[in-house]
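In: A structural model of the following input is requested.
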Amino acid sequence: MSKDPSCTQAHGGAPVAGEGVVVAANGGLANVVVYISQGLSGDIPAASKPVTFEQKGCVYVPHVVALNPGQHMSIVNDDKTMHNIHPDPKPGGGNAAFNKSQVAGAPAMDVAWTSEEIAIPVKCNVHPWMHAFIVVVKGPNAISDANGSFKLENVPPGTYTLTAWHETYGTMTQKVTVAEGKPAAADFSFKAK
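Out: Numbering: from 1, shown residues only. Down below sits the predicted model:
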């Protein structure tokens, strides 16, 4: 970050840790996207609240964002320097790549992804250490917090396959049954590589 003084200032000169693998003292893994990969039926309403994706302190916040197809994402530059947002979805997958600059103080960009995709890598060509991921899935989804916990909201009763995706450790699946008015639990354990 020393090549951009505004980035160094944002962190008070302290080093910034990578976010590829963030493990809590309890062994919980952050930045895992959990979603329903099988079992959803009928008309599942898509999330309508926009998701905010910030460039803050010359890192992407959050490091991993999950949203539904068509759900809006607001991209904000909170820094005193220019960034460019360069998501690179897979070719032919239905989502369009772009590479747009966003100067300090510029208005937020509004983006919506049309197709499911796990996961779209994002980089900033101005600051090569900036990396993040966008996961586009249908239905309820969650991202594990700093302790490795997650919660899927508004899941109707039924039997489902949950998939957990992590940028370093890949995917795992698990069956879960949700009963009327009762919470269900799922626990994923990734092995360190």
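
In: which residues in this protein form strands?
Out: Per DSSP state E, the chain carries strands over the ranges 33-38, 51-56, 59-61, 64-67, 72-77, 83-87, 100-102, 109-112, 117-123, 131-136, 141-143, 158-166, 170-178.

In: Which positions within stretch 183-193 qualify as buried?
Out: Neighbour-count burial for stretch 183-193 flags 188, 190 (criterion: 16 or more other CB atoms under 10 Å). Yep, even glycine has a C-beta here, placed from its N, CA and C like the rest.

In: Tell me how far it lies from the chain's centre.
Out: With CA atoms, centre = their mean, to the nearest Å as the basis, stretch 183-193 stands 18 Å off its chain's centre.

In: distance between the ends of it?
Out: Using CA to CA, to the nearest Å, the span of stretch 183-193 from its first residue to its last is 32 Å.

In: before we move on, what about stretch 108-125?
Out: 19 Å.

In: Give me the residues contacting it.
Out: Residues from elsewhere that reach stretch 108-125 (CB atoms under 8 Å, 6 or more residues apart in numbering): 33, 50, 55, 60, 64, 67, 69-76, 83-90, 93-95, 99-100, 102, 130-138, 165, 167, 171.

In: Just the buried ones among the residues you listed, please.
Out: Going by neighbour count (16+ other CB under 10 Å), these have 33, 55, 60, 64, 67, 69, 71, 73, 75-76, 83-87, 89, 95, 102, 130-137, 165, 167 buried.

In: Only alpha carbons, please: show stretch 10-21 as CSV.
Out: Backbone C-alpha positions of stretch 10-21 (Å, rounded to 0.1, in the frame of the first residue of the first chain) are rendered in CSV as follows:
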residue,chain,number,x,y,z
ALA,A,10,-6.3,5.0,6.1
HIS,A,11,-4.7,2.2,8.2
GLY,A,12,-2.4,4.4,10.3
GLY,A,13,0.6,2.7,8.7
ALA,A,14,-0.3,-0.7,10.1
PRO,A,15,-0.1,-3.7,7.8
VAL,A,16,-3.4,-5.0,6.4
ALA,A,17,-4.0,-8.7,6.6
GLY,A,18,-5.3,-10.7,3.6
GLU,A,19,-8.9,-12.0,3.8
GLY,A,20,-8.6,-15.2,1.8
VAL,A,21,-8.7,-17.3,5.0
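
In: So which bits of that stretch are buried?
Out: Neighbour counts over stretch 10-21 (16+ other CB under 10 Å) mark 10, 19, 21 as buried.

In: tell me the average confidence for it?
Out: Mean pLDDT, computed over stretch 10-21, is 82.

In: Just give me how far that stretch sits from the chain centre.
Out: 18 Å.

In: And the contacts of it?
Out: So stretch 10-21 is contacted by 1, 29-31, 56-59, 63, 79, 129, 167-169 (CB under 8 Å, 6+ apart).

In: how about the nearest residue to residue 78, chain neighbours excluded?
Out: Distance criterion CB to CB, 6 or more residues apart in numbering; nearest residue to residue 78, sequence neighbours excluded, is residue 56 at 4.3 Å.
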